[in-house]
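A.B. asks: can't give you the sequence, but here's the structure:
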């Protein structure tokens with residue numbers, strides 16, 4: 001029985017967004033309605049005026065870690081069994097690098113040897129690693145994005161690299177698909193870079209808007225047509241199509257300069273490998289990161305050092321934890337911070353713990369974006385970063401997680417007495 005079609009119109013200052021959509025009732029996952037998954041806002045971007053704002057991703061709207069984990073797992077559960085291996089899970093920077101890790105982790109219950117690899121906009125040639133680990137595999141363009149260029153790195157480990165190149169199934173993870181162009185660009189770039197054994201591509205998104213307005217269930221998939229000799233599939237929690245109509249005489253906008261893939265002036269600390277390079281274990285580095293948090297939290301509270309056995313057991317006195325905790329990742333560094341937020345949620349059972357992240361994405365106030373903080377990025381790129389729907393006074397403790405040194409953080413955060421900066425030891 002086909003799922004019921006819905007339609008709605010979203011009015012934004014620069015135009016109207018007409019949506020037709022259907023919820024996904026297949027599989028064992030929760031039934032997500034449009035209002036469960038999305039809000040809407042206006043991009044500060046002349047290439048595309050609107051933005052789908054996820055309510056389960058933990059990027060522009062603070063979300064409880066358990067809600068995020070359920071969405072990760074429900075999405076992964078839509079991916080079928082018996083896929084040809086080796087399998088590569090690839091996530092799109094910056095918005096979907098945590099989502100891809102969550103999907104990958106859930107998939108490993110069925111595909112323990114699946115690799116995770118995320119695209120990045122941060123060139124990896126800092127001084128902390130051997131240059132051999134920084135060889136680019138390929139690049140691709142996300143045409144509509146505020147920062148269109150992406151980098152994909154290969155592995156310095158010969159066995160991992162051989163598995164990567166032998167991949168037969170690609171599971172491409174993103175928060176949403178809107179035209180399918182990015183998927184085609186990624187697959188084309190990977191095949192040209194040596195992944196010549198690819199047989200299947202699974203576009204796996206929270207919401208898929210890349211269907212034609214007039215496409216029926218029997219119509220040939222427009223993305224599949226553009227991927228010759230590939231068995232193409234889609235998996236999503238909600239799907240549909242959009243049509244944008246510009247408002248008459250919209251005011252011109254100027255987008256901040258955020259389209260760069262430079263490394264920045266601030267060195268990246270050692271946080272393990274959570275997907276910028278191909279990895280089997282996305283939690284690599286979390287144990288050390290958790291200890292860094294515990295130590296920093298201890299100093300923040302000006303209390304005695306934890307006993308060694310407490311650290312080894314990863315225990316905190318739950319009475320120490322405040323009632324309202326917000327964990328903020330930064331740009332692409334979100335997966336280990338999410339795992340920290342998830343750990344805190346289990347420890348502080350009587351507290352509210354939510355997760356969100358700093359971003360380079362310029363979004364206008366209005367709609368799903370109620371507040372905006374702007375500040376200098378912590379990578380030393382000289383660009384503006386943003387935190388959306390974060391009112392610092394609403395939280396007893398804000399844990400700001402960065403992969404650079406603590407002194408790289410803008411004074412807007414340093415000047416707040418409820419902000420704890422957690423950074424790797426450099």
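C.D. replies: Good, I have the coordinates. This structure is a prediction, so every number in the text was calculated from the model and none was measured.
A.B. asks: now the helices for the stretch 251-400 of the chain?
C.D. replies: 286-300, 308-312, 335-347 (DSSP state H, counting those that start in this stretch).
A.B. asks: for residue 328, list the residues it contacts.
C.D. replies: Neighbouring residues of residue 328 by CB atoms under 8 Å, 6 or more residues apart in numbering: 337, 355, 356, 357, 358, 387, 390, 398, 399, 400, 401. Placement of C-beta: from N, CA and C, glycine included.
A.B. asks: so which of the helices of the stretch 251-400 of the chain gets nearest residue 101?
C.D. replies: Within those, the stretch nearest residue 101 is helix 335-347; the backing value is 4.4 Å (CB to CB).
A.B. asks: just the ones of the contacts of residue 328 in strands?
C.D. replies: In this view, the contacts of residue 328 that belong to strands under DSSP state E are 355, 356, 357, 358, 387, 398, 399, 400, 401.
A.B. asks: okay, now the unreliable bits of the stretch 1-150 of the chain?
C.D. replies: Residues of the stretch 1-150 of the chain that meet the criterion pLDDT under 70 lie in 1-3, 25-30, 125-134, 142-148.
A.B. asks: what strands flank the helix or strand containing residue 202, and is each parallel or antiparallel?
C.D. replies: Using DSSP states H and E, residue 202 sits in strand 200-208. The pairing partners recorded for strand 200-208 under DSSP bridges are strand 169-177 (parallel), strand 231-246 (parallel).
A.B. asks: scan the ones in strands among the contacts of residue 328 and report the most crowded one.
C.D. replies: Among the ones in strands among the contacts of residue 328, the one with the most neighbours (other CB atoms under 10 Å) is residue 355, at 30 neighbours.
A.B. asks: any low-confidence regions in the stretch 301-426 of the chain?
C.D. replies: For the stretch 301-426 of the chain, the stretches flagged by pLDDT under 70 are 302-319, 426.
A.B. asks: make it 90
C.D. replies: The stretch 301-426 of the chain contains residues with pLDDT under 90 at 301-321, 348-350, 360-362, 364, 381-383, 424-426.
A.B. asks: which stretches in it count as strands?
C.D. replies: 324-330, 352-358, 372-376, 384-388, 397-401, 419-422 (DSSP state E, counting those that start in this stretch).
A.B. asks: wait, which of those is closest to residue 226?
C.D. replies: Ranking those by proximity to residue 226 (CB to CB) places strand 352-358 first, at 31.7 Å.
A.B. asks: need the residues that contact the closest one.
C.D. replies: Under the contact criterion CB under 8 Å, 6+ apart, strand 352-358 has outside partners 58-65, 68, 98, 323-331, 334, 337-338, 341, 344-345, 378, 385-390, 400.
A.B. asks: distance of residue 17 relative to residue 8?
C.D. replies: 9 Å (CB to CB, to the nearest Å).
A.B. asks: who has more neighbours out of the two?
C.D. replies: Here residue 17 and residue 8 are compared on neighbour count by other CB under 10 Å; more neighbours surround residue 17, at 20 against 13.
A.B. asks: what residues of the helix or strand hosting that one count as buried?
C.D. replies: Assigned by DSSP H and E, residue 17 falls within strand 15-23. Residues of strand 15-23 classed as buried by neighbour count (16 or more other CB atoms under 10 Å): 15, 17, 19, 20, 21, 23.
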